[in-house]
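[1] how does the following fold in three dimensions:
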Amino acid sequence: MKKQDGSFELRIPSSRSSIHRVEEFFRSVNESIGMPDERLHTLLVSVTEAVNNGIIHGNKNNESKFVTVNVRLEERTLSVTVADEGEGFVPSSVANPLQEENLLNTGGRGVFLMKAFMQSVTYNAKGNEVTMVMTI
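    Numbering: from 1, shown residues only. Prediction:
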């Protein structure tokens, strides 16, 4: 989990049954960081949404593919990168779930929550890696 450079990494197979490992991982990471519970909860919601998106949309529930979570703390800034092995997507194509025509859609809420809870959310050019930054 903890790498030599002080960052942390979790690699899980693309199965919804693996998602519980994300919370376990961040509770362990938080032993080193000491984030308040409310910030940890917000972080867990955002990262769990990103991992779910990687499993379901990116890797298409293919258990031979993995989702990787990397965590780096620099001073009071936590950076979390979630990457999948999928083809990627265009983030701007995700509809705003608050618009009336999208209220009943089943998708788009995860990206919305990540943007709402984190200080910044950016994607790589391919769209199969998201980096979320939180001040703690």
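
[2] ok, Leu73 to Met132 distance?
    Note on Leu73: its distance to Met132, by C-beta to C-beta, to the nearest Å, is 13 Å. Using the backbone N, CA and C atoms, a C-beta is placed for each residue, glycine as well.

[3] in contact with the residue nearest to Phe66 when sequence neighbours are not counted, which residues?
    Distance criterion C-beta to C-beta, 6 or more residues apart in numbering; nearest residue to Phe66, sequence neighbours excluded, is Arg11 at 5.2 Å. Counting by C-beta atoms under 8 Å, 6 or more residues apart in numbering, Arg11 makes contact with 66-69.

[4] quick one, phi psi at Arg11?
    Arg11 adopts backbone torsions of phi -130, psi 120, taken as degrees, to the nearest 10.

[5] quick check, distance from the longest helix seen in the chain to the centre of its chain.
    When the chain is parsed with DSSP state H, its longest helix is helix 37-53. For helix 37-53, the distance from its own C-alpha centre to the chain's C-alpha centre is 7 Å (C-alpha atoms, centre = their mean, to the nearest Å).

[6] same question for it, mean pLDDT?
    The average of the pLDDT scores along helix 37-53 is 95.

[7] overlap of the contact sets of Leu73 and Met132?
    Ser79.

[8] average pLDDT for the top strand by length along the chain?
    Longest strand in the chain by number of residues (criterion: DSSP state E): strand 66-74. For strand 66-74, mean pLDDT rounds to 96.

[9] so what touches it?
    6-14, 22, 25-26, 29, 32-33, 47, 51, 54-55, 58-59, 78-85, 136.

[10] show me the residues you listed that map onto helices.
    Checking the contacts of strand 66-74 against DSSP H, those in helices are 22, 25-26, 29, 32-33, 47, 51.

[11] in terms of secondary structure, what does the longest helix of the chain contact?
    When contacts are defined as 3 or more C-beta pairs under 8 Å, 6 or more residues apart in numbering; DSSP states H and E, helix 37-53 packs onto helix 20-33, strand 66-74, strand 77-83, helix 109-117, strand 129-135.

[12] between it and strand 77-83, how big is the angle?
    With axes from the mean of the first three to the mean of the last three C-alpha atoms, to 10 degrees as the basis, helix 37-53 and strand 77-83 are set at 20 degrees to each other.

[13] that'll do, ta.
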